[in-house]
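*Asks:* Quick one: sequence and predicted model below, then my questions.
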Amino acid sequence: MAVNISSGALNETIVDNQTATTMGALILTLVFLLGFPGNLFIIWSILARARKQSVTTLLILNLAIADGSLMALTPFFIVYLVMKRWVFGNVMCKVLFYLCLVNMYASIQLIMLMSIYRLVAVLWPQRLSLITGRKTVLRVLAVVWVLVMVASVPAMIFRRVEPKKITGVLVCESFHDGDNETVLQYMLELVLGFLIPYGVIVVSYIRILRRIQKTKFGRRIRSEKLILAIVLTFCIFWLPYHLINVVQITSALCPEGPIRNKLDKIWHSSRAVTSSIAFISSCANPVLYFFAGKSYIRREGLAFMARLFEGTGLDSANRKSRQNSQNSRDKDKEADAVMLKEKDPDSVTNSSTHVKPVKNAGSCQSRKDSEALRIQLLDNVNLSSKLYCYKPGM
């Protein structure tokens, strides 16, 4: 990923295409200027200004760390595209592309976790407490980071610096001993970096939308449009990159001939641009968070981002839902007490073991209010969890 240049021969690389490298360098420059300071601000807001770190906040924090780390690597790739040669040595070639892939995988996997968390909160809120313990969340995050580090190892194995045959210019590329290794590397990226997480995200949002449609709530249409925009945005940024992966896989599976040569030409000329476009997803979160938290700026100042995350988490919705449920139970007890007082003392004594709690009409209404509140807060969390949709590289 990340300027993922790979070739079977050293007489043609993606940095040889002037138009592609120029566009890629411009895109990466804009992405760095927006994404790097933006993600650093998010990290600072959560660590220094957030009063509490809920599940939603922890996921956003890790997402910002992955995005920010990826943004920190972009200057190296910008230099590579501009100079059209690798000047950082073989070790940096392996390490930079490995770290790039790690953070790309982490981003999309974290977005997938956000989608799963929202799905559980909407469909099975009574089970949410089983997965929201701080230790449980931290363990899940640790497992995710370990898995993406292991999955990114092929980038370090296959990537190295070699001189081009004709000019002798050093390039950092993926080298494979056979087509099977090419298929393995890019199929792994396609499956782990797109098909599985995107499939989970789409299924999650379909289930969420169906649940929202069954809820008689005025802002339902807004939720549907926002969720659809999130899914489409993720697809727009990442689909071109993975389509090029498919082209390269197909080329490796084809025998030598005009078809394979045509496919090689396509992915060589498109890899730099599609990889750069994929980076945009890593700088989009801070922009979305800013617009979502504008109403907090005047009141909270620099702490507006922390207040946004605290106020839009599903945890807040569930706490308020549980509070409303407790209030409902308190009202039931008060109603029972009133009924007992109205009875004759002897009657109360004789029938105390047979008295059944009678719930007033306010109880049902309170539960309806609780459900409406949870759906309303779900609308807000859509704005703070991006493109809950997600997050690989070049």
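*Replies:* Ah, there it is.
*Asks:* Tell me which residues are up against stretch 80-92.
*Replies:* 3, 15-16, 21-22, 24-25, 28, 76, 79, 93, 96, 160-161, 169-172, 272 (CB atoms under 8 Å, 6 or more residues apart in numbering). All C-beta atoms are positioned from the backbone trio N, CA, C, and that covers glycine.
*Asks:* so how far does that stretch reach from one end to the other?
*Replies:* 12 Å (CA to CA, to the nearest Å).
*Asks:* And stretch 121-133, by the same measure?
*Replies:* 14 Å.
*Asks:* where do the strands sit along the stretch 151-300 of the chain?
*Replies:* Secondary structure of the stretch 151-300 of the chain (DSSP state E, counting those that start in this stretch): strands at 159-163, 170-174.
*Asks:* where does the stretch 151-300 of the chain dip in pLDDT?
*Replies:* In the predicted model of the stretch 151-300 of the chain, residues 216-231, 291-300 satisfy pLDDT under 70.
*Asks:* one more time with 90, if that's ok
*Replies:* Within the stretch 151-300 of the chain, the segments meeting pLDDT under 90 span 162-169, 171, 173-179, 201-202, 205-238, 255-257, 264-265, 267-273, 275-276, 278-300.
*Asks:* Please identify the deepest-packed of the strands of the stretch 151-300 of the chain.
*Replies:* Scoring these by mean neighbour count under mean count of other CB atoms under 10 Å gives strand 170-174 as the most buried, with a mean of 22.
*Asks:* which helices and strands does it pack with?
*Replies:* Where contact means 3 or more CB pairs under 8 Å, 6 or more residues apart in numbering; DSSP states H and E, strand 170-174 is packed against strand 159-163.
*Asks:* Which neighbours in the sheet does the strand it packs on have, and how are they oriented?
*Replies:* When sheet partners are counted by DSSP bridges, strand 159-163 sits next to strand 170-174 (antiparallel).
*Asks:* Extract the C-alpha set from the partner strand and format it as CSV.
*Replies:* Output of strand 170-174 as CSV, limited to C-alpha atoms (Å, rounded to 0.1, in the frame of the first residue of the first chain):
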residue,chain,number,x,y,z
LEU,A,170,17.3,3.1,-7.2
VAL,A,171,13.6,2.2,-6.6
CYS,A,172,11.8,0.7,-3.6
GLU,A,173,9.5,-2.0,-5.0
SER,A,174,7.9,-5.4,-4.3
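*Asks:* all helices of the stretch 101-250 of the chain, in order?
*Replies:* In the stretch 101-250 of the chain, the segments counted as helices under DSSP state H, counting those that start in this stretch are 134-151, 153-158, 179-190, 196-213, 220-253.
*Asks:* and the angle for the third one with strand 170-174?
*Replies:* Compare the direction of helix 179-190 with that of strand 170-174 by axes from the mean of the first three to the mean of the last three CA atoms, to 10 degrees and you get 80 degrees.
*Asks:* For helix 179-190, C-alpha coordinates in CSV please.
*Replies:* C-alpha atoms of helix 179-190 as CSV (Å, rounded to 0.1, in the frame of the first residue of the first chain):
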residue,chain,number,x,y,z
ASP,A,179,3.3,-15.1,-9.7
ASN,A,180,2.0,-17.0,-6.7
GLU,A,181,3.8,-14.6,-4.3
THR,A,182,2.2,-11.6,-6.2
VAL,A,183,-1.2,-13.2,-5.8
LEU,A,184,-0.6,-13.9,-2.1
GLN,A,185,0.5,-10.4,-1.2
TYR,A,186,-2.3,-8.5,-3.0
MET,A,187,-5.0,-11.0,-2.3
LEU,A,188,-4.2,-10.6,1.4
GLU,A,189,-4.5,-6.8,1.1
LEU,A,190,-7.8,-7.2,-0.8
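*Asks:* what's around T136, how many residues?
*Replies:* 12 (other CB atoms under 10 Å).
*Asks:* burial count for the spatially closest residue to it that is not a sequence neighbour?
*Replies:* Once flanking residues are discounted, T136 sits nearest to L130: 8.0 Å by CB to CB, 6 or more residues apart in numbering. For L130, the count of nearby residues is 10 (other CB under 10 Å).
*Asks:* what number of residues lie near the nearest residue to V120 once chain neighbours are set aside?
*Replies:* Leaving aside its chain neighbours, V120 sits nearest to L128 (5.8 Å; criterion: CB to CB, 6+ apart). A count of nearby residues for L128, using other CB under 10 Å, gives 19.
*Asks:* How about I196?
*Replies:* Neighbours of I196 (other CB under 10 Å): 14.
*Asks:* Just give the nearest non-adjacent residue to it, would you?
*Replies:* I196 sits nearest to M112 (CB to CB, 6+ apart), 7.9 Å away.
*Asks:* So that neighbour is in contact with V202, correct?
*Replies:* No - judged on CB atoms under 8 Å, M112 makes no contact with V202 at a distance of 10.5 Å.
*Asks:* Mind checking which of these two has more residues around it?
*Replies:* With neighbours defined as other CB under 10 Å, M112 and V202 compare such that M112 has more, 22 against 15.
*Asks:* what about the residue nearest to V120, distance to V202?
*Replies:* 22 Å (CB to CB, to the nearest Å).
*Asks:* for L239, same thing?
*Replies:* 13 Å.
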